[in-house]
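Engineer: Pasting a predicted model and its sequence here:
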Amino acid sequence: MRVLYGWLLFGAGMISIMMGGPILALALGTAAYLAGEEYIAMARAKGIHPSPRIIRGMIIAYFVMAALPELPGLNLPPGFSEDHFPLLLTIGVCISFIRLLFRSENPPATIADIATTVLGFIYVGWMPSCLVLLRNLKPLGSEHIANPLLQPGLAYVWASLFIVWATDVFAYYAGKKFGKHLLYPQVSPKKTVEGALVGFFCAIAWTLLVFYVSDNFLFPGHPFQSKLWQAPLMASLGSVAAQLGDLSESLLKRDAGLKDSGQLIPGHGGFLDRGDSLIFASPICYYWVKLVILGIF
């Protein structure tokens, strides 16, 4: 059952990533929405009561905003989604205070209730929605490519995913076989320094391969601008972000007294358990590709 659900989830994810556009936003947004439910449950297990409606609504808003430029007929300018993310953040913070200020429950809302509401839609809404922005990204002045399998954004997402996968997979197996020194036992008692280092260097190796193959064989127009030397830098930041994302979610679970974030994926725990590394790596990889590789400010 674990293997079956794992392959079903993997297949659905790959199809949505390859199709891109609104399909990816819908698929990833659905996963983020379910992860938001797990986050709310974790907060409640800790005795904190964030606003579920605001967290859910803001998660939807971030993914809708990320998808808008790819909707047919709108003809929105490049950067529209990212330009309006601060507006969404401002609205979310304001309505979090207002909603919880006038909540009719007794006792009234606490600082923790407000803080976990804002954290919820940033952590499970804004950060993973950056993967949609990354999928829609393209070099300045490049022509639109109708075939989704040849769009440069797909190359950027592949690089980001291989950073996360290589870090997670090789860190896990290297830690089991060679691990002797615990990385952070107070939060995650099984992760080791040896595993973290092997995952880090394997992420660099795989990212170099993705950069080279993407620029020379798979995608027209050299999506990485033939900057192979950028691969180790992007992989280094992305791998560290992925491992910090994993540890951060472990911290939330440990504080809430939970082993898994949920049971929505049989044999795999919850959506937060499966996506914790990607949540942190997505914005890091997006801004690195946009600002450093493509020079779009």
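Structural biologist: All right, it came through fine. Residues are numbered from 1 along each chain as shown.
Engineer: switch to C-alpha atoms for all contacts and neighbour counts from now on
Structural biologist: Will do.
Engineer: show me where the stretch 101-250 of the chain has strands.
Structural biologist: Using DSSP state E, counting those that start in this stretch, the strands of the stretch 101-250 of the chain run over residues 182-184, 188-192.
Engineer: Residue 135: which of those strands is closest?
Structural biologist: Ranking these by proximity to residue 135 (CA to CA) places strand 188-192 first, at 30.8 Å.
Engineer: For stretch 120-129, measure first residue to last.
Structural biologist: 13 Å (CA to CA, to the nearest Å).
Engineer: For stretch 111-120, buried residues please.
Structural biologist: Counting neighbours by 16 or more other CA atoms under 10 Å, one finds that the buried residues in stretch 111-120 are 113, 114, 116, 117, 118, 119, 120.
Engineer: that older thread, of all the strands of the stretch 101-250 of the chain, which lies closest to residue 98?
Structural biologist: strand 188-192 (36.5 Å).
Engineer: picking up where we left off before, mind checking which of the buried residues of stretch 111-120 land in helices?
Structural biologist: Taking DSSP state H, the ones among the buried residues of stretch 111-120 that sit in helices are 113, 114, 116, 117, 118, 119, 120.
Engineer: Would you mind giving these as JSON lines with distance to residue 87 added?
Structural biologist: Below are those laid out as JSON lines (distance: CA to CA, whole Å):
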{"residue": "113", "distance to residue 87": "22"}
{"residue": "114", "distance to residue 87": "19"}
{"residue": "116", "distance to residue 87": "19"}
{"residue": "117", "distance to residue 87": "17"}
{"residue": "118", "distance to residue 87": "14"}
{"residue": "119", "distance to residue 87": "16"}
{"residue": "120", "distance to residue 87": "17"}
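Engineer: Name the nearest of these relative to residue 59.
Structural biologist: Nearest member of those to residue 59, counting by CA to CA, is residue 120, at 8.7 Å.
Engineer: just to revisit the earlier point, from the buried residues of stretch 111-120, which single one is nearest residue 28?
Structural biologist: residue 120 (16.1 Å).
Engineer: From residue 190, how far off is the closest one?
Structural biologist: Residue 120 is 26 Å from residue 190, by CA to CA.
Engineer: Over to residue 157?
Structural biologist: 29 Å.
Engineer: try residue 44
Structural biologist: Per CA to CA, residue 44 is found 26 Å from residue 190.
Engineer: Would you mind extracting the C-alpha trace of the helix or strand harbouring residue 284 into CSV?
Structural biologist: Under the criterion of DSSP states H and E, residue 284 resides in helix 271-287. What follows is helix 271-287, C-alpha atoms only, in CSV (Å, rounded to 0.1, in the frame of the first residue of the first chain):
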residue,chain,number,x,y,z
PHE,A,271,1.5,16.2,3.0
LEU,A,272,3.8,18.3,5.3
ASP,A,273,5.9,15.2,6.0
ARG,A,274,6.4,14.7,2.2
GLY,A,275,6.8,18.3,1.3
ASP,A,276,8.7,19.9,4.2
SER,A,277,12.0,20.1,2.3
LEU,A,278,10.4,21.5,-0.8
ILE,A,279,8.6,24.2,1.1
PHE,A,280,11.9,25.8,2.1
ALA,A,281,13.8,25.1,-1.1
SER,A,282,11.1,26.5,-3.5
PRO,A,283,11.5,30.2,-2.7
ILE,A,284,15.3,29.8,-2.4
CYS,A,285,15.6,28.2,-5.9
TYR,A,286,13.0,30.7,-7.4
TYR,A,287,14.9,33.8,-6.3
